[in-house]
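Asks: Build me a model:
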Amino acid sequence: MKVRKFYSNEFKQEILDKVKSGIKATDVASAYAIRVELIYKWASNKIDSNPSSIEIGKLLRENRTLKELLGELLIENNRFKKNLYGKHY
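Replies: Next comes the predicted model:
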């Protein structure tokens, strides 16, 4: 009978942080003698689902930038429609 290993959340987080930093999951798995499938499972289970305030700030800035870009594109689109269909569009 196989014995199941238990990995703490801290260990899982450490592994996921290494993968996030750019190290290949296969290399991390080899270094820690774990199956690469476990890493993918932990990532899909959202072990690290609590975003940091830095990540939240980055996402908020990106959201604001995208909204500004959308507004500019809508204005430009309306300008093209007016030129194409006339001023009564």
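Asks: Sketch out the helices for the protein, chain order is fine.
Replies: Ranges of helices in the chain, per DSSP state H, are 9-20, 25-32, 36-44, 53-85.
Asks: The shortest one packs against which elements?
Replies: Using 3 or more Cβ pairs under 8 Å, 6 or more residues apart in numbering; DSSP states H and E as the contact criterion, the neighbours of helix 25-32 among helices and strands are helix 9-20, helix 36-44. Placement of C-beta: from N, CA and C, glycine included.
Asks: and of those helices, who's closest to Ala29?
Replies: Nearest to Ala29 among the helices and strands packed on helix 25-32 is helix 36-44 (4.1 Å), distances taken as Cβ to Cβ.
Asks: mean confidence for the closest one?
Replies: Mean pLDDT, helix 36-44: 90.
Asks: Near Trp42, how many other residues are there?
Replies: Close neighbours of Trp42, defined as other Cβ atoms under 10 Å, add up to 20.
Asks: Next one: it from Val28, what distance?
Replies: Here the criterion is Cβ to Cβ, to the nearest Å. By it, Trp42 lies 11 Å from Val28.
Asks: pLDDT below threshold where in this protein?
Replies: By pLDDT under 70, the weakly predicted segments of the chain are 46-54, 88-89.
Asks: Specify the residue ranges that define each domain of this structure.
Replies: Per the record, the chain has its domains at 7-50, 51-89, by automatic domain parsing.
Asks: Need the winner for burial among these.
Replies: Highest mean neighbour count among the domains of the chain (mean count of other Cβ atoms under 10 Å): domain 7-50, with a mean of 13.
Asks: and the domains of the chain as CSV, adding distance to Met1?
Replies: Converted to CSV, the domains of the chain look like this (distance: least, Cβ to Cβ, whole Å):
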stretch, distance to Met1
domain 7-50, 18
domain 51-89, 40
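Asks: before we move on, back to that, pull up the overlap in contacts between Trp42 and Val28.
Replies: Contact criterion Cβ atoms under 8 Å, 6 or more residues apart in numbering; residues shared by Trp42 and Val28: Ile15.
Asks: how far away is Gly57 from Leu16?
Replies: 21 Å.
Asks: ignore the last one, Ile75
Replies: Noted for Ile75: a distance of 42 Å to Leu16, by Cβ to Cβ.
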